[in-house]
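Student: quick one, what's the 3D model for this:
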Amino acid sequence: MGTEGATGSRDTEAVDDVAHLLVRCLRAEGVEYVFGIPGEENIRFVDALKDSGIRYVLVRHEQAASFMAEIYGRLTGRAGVCSATLGPGAINLLLGTADAMTNSAPMVALAAQGSLRRTHKESHQVIDLVSMFAPVTQWAAQVACPDAVPEMTRKAFKTAQSERPGAVFLAVPEDIEAGRPAEPLAPLQVDTVRADAPSASQIARAVEVLAAARHPVVLAGHGAARAGASAALVRFAERLDIPVATTFHGKGVFPDDHPNALGAVGFMRHDYGNFGFDAADVLLCVGYEIQEFDPVKINPNGDKRIIHIHRFPAEVDTHYPVAVGVESDLSQALDALGAALPEGLTYESGSSEKIRTLLDEELQYGRDNDAFPLVPQRVVSDVRTALDRHDIVLADTGAGKMWMSRLYPTYEPDTCLVSNGLSTMGFALPGAIAAKLARPDRRVLAMMGDGSFLMNSQELETAVRERVPLVVLVLVDEEYGLITWKMELELGRHSHTRFTNPDLVAYAESFGARGYAIETAGQLLPVLRRALDDNSVSVIACPVDYSENLRLTDRLGTLHGPF
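Tutor: Now for the predicted structure:
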């Protein structure tokens with residue numbers, strides 16, 4: 001790896017207090033938004049943000065602020081920033097911080113802390129925040145003196161944004177925030193890490209493996225999306241006429257309407273896309289990270305040869321034995337490998353066309369099904385029809401996520417977002433706010449079950465107040481449907497998953513949003529189009545029939561591959 005940039009120098013301005021110095025450092029990092037809730041211990045920081053050029057987005061729950069920072073970071077590649085006070089405020093940032101870490105999204109979480117005069121003893125609202133955040137971050141630290149602010153801020157962003165990206169936590173004691181450095185300080189200059197070209201010897205080893213293969217398959221993961229490797233993946237697939245599957249996080253990095261597309265893998269059972277791997281003897285994994293889904297699902301016997309292409313080494317796993325590892329820029333590695341393979345190399349025909357046909361048949365079943373409540377296939381089909389190729393949908397965790405992840409055709413990276421590292425509920429509404437701020441030229445839809453919607457529905461007020469137009473599609477079944485599905489599969493019965501909802505239309509309207517109730521299957525698509533074209537915040541309550549869940553897993557259990 002090489003670096004560009006140099007250390008900044010001290011300036012001759014008046015000495016800022018730490019709050020203003022920290023804000024200057026954030027500006028130097030290119031920060032546009034800070035998501036959070038003020039507290040007594042960080043009032044100077046919040047005040048310093050005023051007129052700084054950084055927009056402070058006041059939220060209604062710190063957990064939502066952490067999800068906003070995560071999704072902003074995921075879409076831009078620049079660390080999203082969230083802020084909270086000490087104690088309970090900081091604790092509420094923990095879930096989104098862990099979600100960002102496991103989803104490889106760059107973010108920096110800032111929290112106040114009690115003064116240094118009392119952190120060594122039992123004191124009101126003081127807990128050891130650094131120890132609490134350390135297991136779910138790449139780096140967690142407390143600012144111990146005013147002079148450390150430029151260095152620690154630069155380290156936080158560099159750590160969060162470098163491959164593999166993730167979360168960082170900084171605690172700022174209240175007396176440090178109010179203090180001043182010994183002399184004037186400036187933010188450090190931002191440096192950029194550039195990936196090296198692939199090793200010629202590793203490319204040669206990968207060529208040997210692929211040249212001897214009969215049924216190679218490419219699996220593109222989240223790292224491929226982050227690296228912008230779509231064009232290189234298409235070139236490579238067309239060069240070798242090789243099938244390409246994606247993980248849920250990689251959806252869209254290889255367009256689902258390409259003839260070589262296998263769709264997404266990661267479903268709870270053996271899905272259509274998995275059949276593309278059954279006869280495979282070589283797996284070329286590009287930007288794949290094991291937390292995205294368990295490799296046992298595509299390599300149950302651990303006998304397939306694996307070429308791992310990424311910016312960093314693979315995790316160790318019995319079912320992921322790496323024959324060749326290529327650590328480099330992903331596009332350069334794919335192009336180098338494609339160029340080095342012999343002309344005329346052919347492989348036995350794959351199953352891409354059959355798998356795409358099965359997926360298309362499910363979508364057609366949805367399009368033709370006028371049942372009410374709606375079958376999930378109809379919901380997926382109507383959402384795909386209503387959204388343009390580059391629009392963004394966030395599918396919250398639950399049964400709806402499973403239908404969207406496996407069935408929703410996706411054509412560009414980061415246009416169908418799920419949480420598949422931590423699989424957290426409640427991220428989609430706050431995440432949609434951040435997505436719209438990060439990509440204002442795109443329409444944004446949060447698709448949530450009624451269980452996940454009520455976890456962070458208070459952020460409707462944030463969206464309305466901040467004038468961030470978006471649509472929330474709430475799939476109503478008055479049940480934690482994914483848990484019911486799992487219980488029925490494994491126990492043959494379910495319990496303790498049912499609940500009731502408020503009037504969701506009236507609830508939305510009470511926040512100043514627009515509310516729609518779907519009463520027939522034919523209403524969903526026109527209502528979606530109307531809401532998406534409306535420059536406001538809308539909530540659509542759509543009853544859904546998840547009896548299709550068990551029918552799907554029963555049907556998948558009767559399929560036999562390879563095709």
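Student: just to be sure, Leu284 is in a helix?
Tutor: No. Using DSSP: H, G, I helix; E, B strand; the rest coil, the secondary structure at Leu284 is strand, not a helix.
Student: I'd say it and Gly221 touch.
Tutor: No. With contact defined as Cβ atoms under 8 Å, Leu284 does not count as touching Gly221 (11.4 Å). C-betas here are computed from N, CA, C, even on glycine.
Student: could I get the buried residue list for stretch 65-79?
Tutor: By 16 or more other Cβ atoms under 10 Å, the buried positions in stretch 65-79 come out as 65-76, 78-79.
Student: what's the first helix or strand after the lowest-mean-pLDDT helix or strand in the chain?
Tutor: Every helix and strand of the chain was ranked by mean pLDDT, DSSP states H and E. The lowest is strand 2-4, at a mean of 42. Going down the chain from strand 2-4, the next helix or strand is helix 18-28, by DSSP states H and E.
Student: follow-up on the earlier one: neighbour count for Leu284 and Gly221, which is higher?
Tutor: In this view Leu284 and Gly221 are compared by other Cβ atoms under 10 Å, and Leu284 has more residues nearby, 28 against 25.
Student: and that one, what does it touch?
Tutor: Contact analysis of Leu284 by Cβ atoms under 8 Å, 6 or more residues apart in numbering lists 210, 216-219, 242, 307, 309.
Student: state the pLDDT value of it.
Tutor: For Leu284, the pLDDT comes out at 98.
Student: so in terms of bridging, what pairs with it?
Tutor: Taking DSSP bridges, one obtains Val218, Ile307 as the residues bridged to Leu284.
Student: next secondary structure element downstream of the longest helix along the chain?
Tutor: In the chain, taking DSSP state H as the definition, the longest helix is helix 352-368. Where DSSP H and E defines the elements, the next helix or strand beyond helix 352-368 is helix 376-386.
Student: quick one: average pLDDT of the very next helix or strand once past that next one?
Tutor: Scanning forward in sequence from helix 376-386 by DSSP H and E, the next helix or strand is strand 392-395. Strand 392-395 shows a mean pLDDT of 98 in the predicted model.
Student: ok, strand 392-395: who's next to it in the sheet?
Tutor: strand 416-417 (parallel), strand 444-449 (parallel).
Student: ok, and what's touching the first one?
Tutor: Strand 416-417 is contacted from outside by 71, 74, 251-252, 392-395, 404-405, 408, 410, 431, 435, using Cβ under 8 Å, 6+ apart.
Student: before we move on, what about the last one?
Tutor: By Cβ under 8 Å, 6+ apart, the residues outside strand 444-449 that reach it are 379, 383, 386-387, 391-396, 398-400, 404, 428-429, 431-432, 435-436, 469-475, 477, 480-482, 528, 532.
Student: could you do stretch 151-168 as well?
Tutor: In contact with stretch 151-168 (Cβ under 8 Å, 6+ apart) are residues 22, 25-26, 29, 70, 73, 77-79, 97-98, 100-101, 104-109, 136-141, 143, 170, 187-188, 190-191, 193, 195, 223, 226, 289, 311-312.
Student: buried ones in it?
Tutor: Using 16+ other Cβ under 10 Å, the residues of stretch 151-168 that count as buried are 152-163, 165-168.
Student: using PDB, write down the CA coordinates of it.
Tutor: Extracted in PDB, the C-alpha atoms of stretch 151-168 (Å, rounded to 0.1, in the frame of the first residue of the first chain):
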ATOM      1  CA  GLU A 151      -4.300  13.500  15.700                       C
ATOM      2  CA  MET A 152      -7.100  11.500  17.100                       C
ATOM      3  CA  THR A 153      -9.700  12.900  14.700                       C
ATOM      4  CA  ARG A 154      -7.500  12.100  11.700                       C
ATOM      5  CA  LYS A 155      -6.800   8.600  13.100                       C
ATOM      6  CA  ALA A 156     -10.500   8.000  13.600                       C
ATOM      7  CA  PHE A 157     -11.500   8.800  10.100                       C
ATOM      8  CA  LYS A 158      -8.500   7.100   8.500                       C
ATOM      9  CA  THR A 159      -9.200   3.900  10.500                       C
ATOM     10  CA  ALA A 160     -13.000   4.000   9.700                       C
ATOM     11  CA  GLN A 161     -12.500   4.600   6.000                       C
ATOM     12  CA  SER A 162      -9.600   2.200   5.200                       C
ATOM     13  CA  GLU A 163     -10.300  -1.300   3.900                       C
ATOM     14  CA  ARG A 164     -11.900  -3.000   5.700                       C
ATOM     15  CA  PRO A 165     -14.100   0.000   6.700                       C
ATOM     16  CA  GLY A 166     -16.000   0.000  10.000                       C
ATOM     17  CA  ALA A 167     -16.800   1.900  13.100                       C
ATOM     18  CA  VAL A 168     -14.700   4.000  15.400                       C
END
